[in-house]
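*Asks:* I'd like to go over a predicted model; first the sequence, then the structure.
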Amino acid sequence: MLTFVTLTGCKQSKTNMEDFQKEIIESYISSYNSFDVDGMLKNLNENIVFENISNGVVEMKLEGINAFKDQAIAATKYFQEREQKITSWEFSEMVVSVQIDYQGILAIELPNGMKPGAH
């Protein structure tokens with residue numbers, strides 16, 4: 001699951017706000033899928049805090065747009081192909097959570113022993 005916190009000063013109806021949030025998140029996912037780091041960054045705040053949480057444990061925490069960009073660039077080398085598909089949306093105030101199906105084909109060997117070409 002990915003969780004996004006959106007900040008906006010605009011007064012919009014709930015429907016318009018959800019549409020706006022969806023547009024930003026879909027743009028990010030599309031850019032991620034196409035290895036477009038600049039596209040991933042275009043709607044992010046310079047003070048972004050990114051956390052990779054797995055089974056309730058924070059595996060990685062990045063603070064600031066430069067740290068996020070460096071990691072995003074490095075991650076483009078890990079996969080030959082990658083695709084995130086949003087399967088569900090949950091809206092709550094300024095927080096949007098999306099359930100993701102993820103598929104990827106490795107380009108490099110990972111420390112856990114997974115080999116290039118693995119899915």
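*Replies:* Yep, it's here. None of the values given here were measured: they were computed from a predicted structure.
*Asks:* so what secondary structure elements neighbour the longest helix seen in the chain?
*Replies:* In the chain, assigned by DSSP state H, the helix with the most residues is helix 14-33. Counting contacts by 3 or more Cβ pairs under 8 Å, 6 or more residues apart in numbering; DSSP states H and E, helix 14-33 packs against strand 2-5, helix 37-41, strand 79-92, strand 95-106. No exception for glycine: its C-beta is placed from N, CA and C like everyone else's.
*Asks:* Mean neighbour count, those: which tops it?
*Replies:* Most buried of these, by mean neighbour count (mean count of other Cβ atoms under 10 Å): helix 37-41, with a mean of 16.
*Asks:* sorry, back to before: in a markdown table: the helices and strands packed on helix 14-33, plus distance to Lys69 and mean pLDDT.
*Replies:* Putting the helices and strands packed on helix 14-33 into a markdown table (distance: least, Cβ to Cβ, whole Å; pLDDT from 0 to 100) gives the following:
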| stretch | distance to Lys69 | mean pLDDT |
| --- | --- | --- |
| strand 2-5 | 17 | 60 |
| helix 37-41 | 6 | 97 |
| strand 79-92 | 17 | 94 |
| strand 95-106 | 20 | 92 |
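*Asks:* out of those, nearest to Lys22?
*Replies:* Lys22 lies closest to strand 79-92 among the helices and strands packed on helix 14-33, at 7.0 Å (Cβ to Cβ).
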